[in-house]
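Colleague: Please work out how this folds:
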Amino acid sequence: MRHLILRMIGCLAACIGLTASALSAPAGGAPQRVVSMNLCTDQLAMLVAGEGQLHSVSYLAIDPEGSVLAEEARRFPINHGRAEEIFMMHPDLVLSGTFTGRATVALLKRLGFHVEEFPPSYSFPEIREQVRRMGRLLGRESRAEELVQELDTRLTQFPDSDRKNWRPLAALHYANSYTSGSGTLASAVVERSGLENLGTKLGLVGTIRLPLEVLVASAPDLIIGGVRPSKAPALAYQTFEHPALRAVLEGGELTSIPDKYWVCGAPFTAQAVGLLSAQAQALRAKRGTGK
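Modeller: Sure thing, here's the model as predicted:
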């Protein structure tokens, strides 16, 4: 049924000449009817856009588990990233992630809509560039610079670790034994917090599985576990109950960071740095007192 609807949309646009050029704002002006179909662009757009400029955000933006701006997102019409619903919204700019709804993005582009794709942010410099890019697209450069300054101001509240001093070893441990190595935002947050990322130390790149045996043998000072969606038993989280992991925790710590603070790169990512920085300082204090 959906394929039929998409074909009908394509035929309708072709037959009556209804393309994005006929629906967009005046040439040279800032877009006035922006639709975002990705959680990260949702939040960047909400932070940057002027009053009335953002028309719709994705349904993921209203989930408080994954979205820092869930309450604000409820002010906007919600979309599910389907080409037919976005077509009917008549946007003059569509915001998407590079991994978001590839068929939808391709069709919207074919119909002539202005679609801008944002890749994930894997570092703090990339977060700054993404915020500035959003500012340029929306004609809100000044607001974007305010947000970049907000990020940098928040980061200055946490001491940048001196690599000559001891850095507690932290292991990122997610469902199904996945971890984050170098080239990931999670690793950048861990390192900026004054911790050493086990995945990076082991030479791992990206998000990859880390055998429990390797994690246990590495004896990390801190294990940063993913937030479980529920307390119900699940095979994906069976390693968290493993006796070997519990033995490691007798000499270390276990913590978790809400996904919403670092699943997307934005000024609020500094909140994740703050939470882990406090853990790093506590571990240093513990080591300093001989505990």
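Colleague: wait, doesn't residue 271 sit right on residue 261?
Modeller: Yes. Using Cβ atoms under 8 Å, residue 271 is in contact with residue 261, at 4.7 Å. Bear in mind the C-beta positions are built from the backbone N, C-alpha and C, glycine included.
Colleague: Touching both of these two, which residues are there?
Modeller: Common neighbours of residue 271 and residue 261, using Cβ atoms under 8 Å, 6 or more residues apart in numbering, are residue 68.
Colleague: Okay, helices next: where are they in this structure?
Modeller: Secondary structure of the chain (DSSP state H): helices at 2-16, 20-23, 39-48, 70-73, 83-88, 102-110, 124-138, 141-156, 185-192, 198-201, 212-218, 243-249, 269-288.
Colleague: so which of these is the most packed in?
Modeller: When you average the neighbours per residue for each of the helices of the chain (mean count of other Cβ atoms under 10 Å), helix 39-48 leads with a mean of 26.
Colleague: export that helix as PDB, just CAs?
Modeller: This file holds the C-alpha atoms of helix 39-48, laid out as PDB (Å, rounded to 0.1, in the frame of the first residue of the first chain):
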ATOM      1  CA  LEU A  39      16.300  13.000  16.200                       C
ATOM      2  CA  CYS A  40      19.600  14.900  16.000                       C
ATOM      3  CA  THR A  41      18.400  17.400  13.500                       C
ATOM      4  CA  ASP A  42      15.200  17.800  15.400                       C
ATOM      5  CA  GLN A  43      17.000  19.000  18.500                       C
ATOM      6  CA  LEU A  44      19.500  21.200  16.600                       C
ATOM      7  CA  ALA A  45      16.700  22.800  14.700                       C
ATOM      8  CA  MET A  46      14.700  23.400  17.900                       C
ATOM      9  CA  LEU A  47      17.700  25.100  19.500                       C
ATOM     10  CA  VAL A  48      18.500  27.200  16.500                       C
END
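Colleague: which sections of the stretch 51-200 of the chain are below the confidence cut-off?
Modeller: Counting by pLDDT under 70, the stretch 51-200 of the chain has low-confidence residues at 160-164.
Colleague: Try it again at 80.
Modeller: 159-165 (pLDDT under 80).
Colleague: Domain-wise, how is the protein divided?
Modeller: According to automatic domain parsing, the chain comprises the domains 20-154, 169-288.
Colleague: what number of residues lie near the nearest residue to residue 215 once chain neighbours are set aside?
Modeller: Nearest residue to residue 215, sequence neighbours excluded (Cβ to Cβ, 6 or more residues apart in numbering): residue 171, at 5.5 Å. Using other Cβ atoms under 10 Å, residue 171 has 29 other residues around it.
Colleague: So what sits opposite residue 171 in the bridge?
Modeller: residue 223 (DSSP bridges).
Colleague: wait, doesn't it sit right on residue 217?
Modeller: No. Under the contact definition of Cβ under 8 Å, residue 171 does not touch residue 217, with a separation of 11.1 Å.
Colleague: which residues touch residue 172?
Modeller: Here residue 172 is in contact with 179, 180, 186, 187, 190, 197, 198, 199, 224 (criterion: Cβ under 8 Å, 6+ apart).
Colleague: same thing but at 10 Å, please
Modeller: 178-181, 184, 186-187, 189-190, 195, 197-200, 204, 207, 210, 215, 220, 222-226, 257 (Cβ atoms under 10 Å, 6 or more residues apart in numbering).
Colleague: quick one: the closest residue in space to residue 169 that isn't next to it in sequence and residue 177, what's the gap?
Modeller: Counting by Cβ to Cβ, 6+ apart, residue 169 lies nearest to residue 220, which is 4.6 Å off, once chain neighbours are set aside. Distance, residue 220 to residue 177, by Cβ to Cβ, to the nearest Å: 14 Å.
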